[in-house]
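Task: produce atomic coordinates for the following.
(chains A, B, C and D)
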Number of protein chains: 2
Amino acid sequence: MTATSPTTNERVEQAATRLFAQRGFHGTGIRRLAQESGLTSASLYHWMGTKEELLARLMRSALERLTAEARAALAGAGEDPRDRLDALVRVHVRAHAERPEQTRVVDGELGALTPDARAGVVALRDEYEDLWRTVIEDGVDQGLLVVAQPDLARRAVLEMCSSVARWFRSDGDLGVAEVAEEHVSLARGALGAR
Amino acid sequence: MTATSPTTNERVEQAATRLFAQRGFHGTGIRRLAQESGLTSASLYHWMGTKEELLARLMRSALERLTAEARAALAGAGEDPRDRLDALVRVHVRAHAERPEQTRVVDGELGALTPDARAGVVALRDEYEDLWRTVIEDGVDQGLLVVAQPDLARRAVLEMCSSVARWFRSDGDLGVAEVAEEHVSLARGALGAR
DNA sequence: CGTAGGCGATCGATCGATCGATTGGATACG
DNA sequence: CGTATCCAATCGATCGATCGATCGCCTACG
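As a prediction, the model looks like this:
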């Protein structure tokens, strides 16, 4: 157990993630952000750059982590596209259950970014979704998944799994593992897994 | 074809729906909202009350319309819970495809409301979701739908269908009807329809 | 003449961001 | 060793802009 006290940078990022998730990017002022980080608004600029740069950084690192976790899970999964789908669902649901604020910022604040900053985030998101696209395409090609519109189905299943971030509570009736397995079952059903 | 020119009130509500959907409630200023409504910011107050009242009104009327459409569809559907589920999916998907800005405001700006205003909107949302809850419960009770966690499944399928508002384009490859039927199929699969 | 609808002007508050100044610990040098 | 230099980090003060909202006044019309 390494319970290091958080660095200033971590305190800023944690406060920003929490506030952006709760009140939105435009609903969060830099004074409030500084207060929750334990700094003055002037000092805050030493760590965050501009407010938008901070948001973009948070979104990119969250997406990079998610993609890395998905790649690792796929590397440990077998060849069967259905098993690989299960692995993606588990990673996605776990991430949204365990880091709901991070994922809600990624999913909900894209529109707050200027085109330049948005492009970088969108590229990372597309990279992540390509993992899903490939798995679903492989499954359909091999006749192990049955969907008429793979792109539509991918978006639908992704959003289905993302919804967890908006209701899951770690002190609720269901544990993370149960929720993940339940979504594995829903996703398999939706995609017509043989 | 009744192509009446929009009333001032309609122009305000349409501008607000568009802006709130695109830039968010906190990202939309009074002046911009007035400009797009063809009014000065002072005149705007004659029509909208406060900015928050306007948002709450938009959200309530959108939810009331959705609920009314869902009730009408259920009234015209048969007794089989699977058919009733199909009807709900079609209404939900059509609404999100044809009125993406309205639905995105409802789904995304709840957090911008003060507790008092939020309560009224949440009550309407619960009323709508109860229609889904009942249908799914009936289906499970009769053994025609198979899900381990009906509440979780309801949320998952709802979010799955809501995702349409974030990508559908009326000039794209798929029409509204096709998208709706595709989601009917996905929902049936996810909920294990016999 | 009353009222619905609209306007310009302006309110106090807050916005995101920057300024110059200060601190303290590390590093380089005589 | 002593001290000069540097730089990351922080601060109070304040910038111009914009925020949501309100005011009094004007005009058109039933």
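
Chain B contacts on chain A?
Within chain A, the positions adjacent to chain B are A:22-27, A:108, A:111-112, A:147-149, A:152-153, A:155-163, A:166-167, A:174, A:179, A:182-183, A:185-187, A:189-192 by CB under 8 Å from any CB of the partner chain. Heads up, the C-betas are built off the backbone N, CA and C, glycines and all.

Try it again at 7 Å.
If contact is defined as CB under 7 Å from any CB of the partner chain, the residues of chain A in contact with chain B are A:22-24, A:26-27, A:108, A:111-112, A:148-149, A:152-153, A:155-156, A:159-160, A:163, A:167, A:179, A:182-183, A:186, A:189-190, A:192.

got the contact list for stretch A:152-160?
Residues from elsewhere that reach stretch A:152-160, judged by CB atoms under 7 Å, 6 or more residues apart in numbering or on different chains: A:129, A:132-133, A:136, A:147, A:186-187, A:190-191, B:156, B:159-160, B:163, B:167, B:179, B:182-183, B:186.

With just CA atoms, put it into CSV.
Listed in CSV are the C-alpha atoms of stretch A:152-160, where the atom choice follows Å, rounded to 0.1, in the frame of the first residue of the first chain:
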residue,chain,number,x,y,z
LEU,A,152,-24.7,1.6,-35.7
ALA,A,153,-24.4,-1.5,-33.4
ARG,A,154,-21.0,-0.5,-32.2
ARG,A,155,-22.2,3.0,-31.2
ALA,A,156,-25.2,1.5,-29.5
VAL,A,157,-23.3,-1.0,-27.4
LEU,A,158,-20.7,1.6,-26.5
GLU,A,159,-23.3,4.0,-25.2
MET,A,160,-25.0,1.2,-23.5
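
now it: mean pLDDT?
Stretch A:152-160 comes out with an average pLDDT of 98.

now stretch A:110-119
Mean pLDDT, taken over the full extent of stretch A:110-119, equals 95.

try stretch A:185-194
Per-residue pLDDT over stretch A:185-194 has a mean of 97.

Can you check the distance spanned by that stretch, start to finish?
Across its full length, stretch A:185-194 reaches 12 Å between end residues, using CA to CA, to the nearest Å.

now, which of the contacts of stretch A:152-160 lie within helices?
In this view, the contacts of stretch A:152-160 that belong to helices under DSSP state H are A:129, A:132-133, A:136, A:186-187, A:190, B:156, B:159-160, B:179, B:182-183, B:186.

just the buried members of these?
For these, a burial check counting by 16 or more other CB atoms under 10 Å in any protein chain shown picks out A:132, A:136, A:186-187, A:190, B:156, B:159-160, B:179, B:182-183, B:186.

can you list these in JSON lines and add distance to B:Ala119?
Shown next, in JSON lines, are those (distance: CB to CB, whole Å):
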{"residue": "A:Trp132", "distance to B:Ala119": "37"}
{"residue": "A:Ile136", "distance to B:Ala119": "40"}
{"residue": "A:Leu186", "distance to B:Ala119": "30"}
{"residue": "A:Ala187", "distance to B:Ala119": "34"}
{"residue": "A:Ala190", "distance to B:Ala119": "33"}
{"residue": "B:Ala156", "distance to B:Ala119": "25"}
{"residue": "B:Glu159", "distance to B:Ala119": "22"}
{"residue": "B:Met160", "distance to B:Ala119": "27"}
{"residue": "B:Val179", "distance to B:Ala119": "33"}
{"residue": "B:Glu182", "distance to B:Ala119": "35"}
{"residue": "B:His183", "distance to B:Ala119": "30"}
{"residue": "B:Leu186", "distance to B:Ala119": "33"}
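
Keep only those of those that are also close to DNA strand D.
Subset of these in contact with DNA strand D: empty, counting by CB under 7 Å from any atom of the strand.

for the residues you listed, which one is nearest A:Ala15?
The nearest member of those to A:Ala15, counting by CB to CB, is B:Glu159 at 27.8 Å.

Identify the residue nearest that closest one in space, chain neighbours excluded?
Setting aside the residues directly before and after it, B:Glu159 is nearest to A:Ser163 in space (CB to CB, 6 or more residues apart in numbering or on different chains), at 3.6 Å.

What is the neighbour count of the one you found?
23 (other CB atoms under 10 Å in any protein chain shown).

for A:Ala177, same thing?
When neighbours are defined as other CB under 10 Å, A:Ala177 has 12 of them.
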